[in-house]
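Novice: Quick one, what's the 3D model for this:
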Amino acid sequence: MSPVRTTHILFVTILWVSIAVLAVTWGSMFDWPDNVHVNYGFPFVWATHTLVTIAGPVDKWNVNVEALIMDLALWLGSMVIVTAALLYLRDRKRPRDAAKQ
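Specialist: Numbering: from 1, shown residues only. A predicted model of the protein is given here:
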């Protein structure tokens, strides 16, 4: 088993942040005859942009700040846990003499 290097940790962190940004800004369009809207956020929907209702075109936003906070906490909190685990594994693989220096 190869040791965990700093470049591996940096790569995982950058990849995780990219996935988190994509998940938070992900839009899913729902096209019903009397209600067209786009939901943003994965797994928690934190914003809904309504485009069409039965009365005609609209431009209405519903934003749930609590869901946005939960979404960010899920993605960025899990990134911190994974990064801490990788750092722990990296430090555990070092010889005792190298860790003292």
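Novice: OK, contacts around the residue nearest the centre of the chain?
Specialist: In the chain, the centroid-proximal residue (C-alpha atoms, centre = their mean) is A20; its distance is 2.3 Å. By C-beta atoms under 8 Å, 6 or more residues apart in numbering, the contact list for A20 reads L72, W75, L76, M79. Where C-beta positions appear, they are placed from N, C-alpha and C, glycine not excepted.
Novice: gap between the third one and V45?
Specialist: According to C-beta to C-beta, to the nearest Å, L76 stands 18 Å off from V45.
Novice: any idea of the mean pLDDT in the host helix or strand of T7?
Specialist: In the assignment (DSSP states H and E), T7 maps to helix 6-25. Confidence for helix 6-25, expressed as mean pLDDT, is 92.
Novice: ok, and for that helix, which residues are buried?
Specialist: Within helix 6-25, the residues scored as buried using 16 or more other C-beta atoms under 10 Å are I9, W16, A20, A23, V24.
Novice: thought L51 was touching W32?
Specialist: No: contact criterion C-beta atoms under 8 Å: L51 and W32 do not qualify, at 10.9 Å.
Novice: who's more crowded, those two?
Specialist: L51 (15 against 9; other C-beta atoms under 10 Å).
Novice: and the more buried one, backbone torsions?
Specialist: The phi/psi pair for L51 (degrees, to the nearest 10) reads phi -110, psi -40.
Novice: can you pull out the helices in the chain?
Specialist: Read by DSSP state H, the chain holds these helices, from start to end of the chain: 6-25, 65-93, 96-100.
Novice: Include distance to V38 when you put those into TSV, please.
Specialist: Output for those, formatted as TSV (distance: least, C-beta to C-beta, whole Å):
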stretch	distance to V38
helix 6-25	11
helix 65-93	15
helix 96-100	51
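Novice: Ok, which of these comes nearest N39?
Specialist: Set against N39 and scored by C-beta to C-beta, the helices of the chain come closest in helix 65-93, at 10.4 Å.
Novice: for this protein, where's the lowest mean pLDDT among helices and strands?
Specialist: Lowest by mean pLDDT, DSSP states H and E among the helices and strands of the chain is helix 96-100, with a mean of 58.
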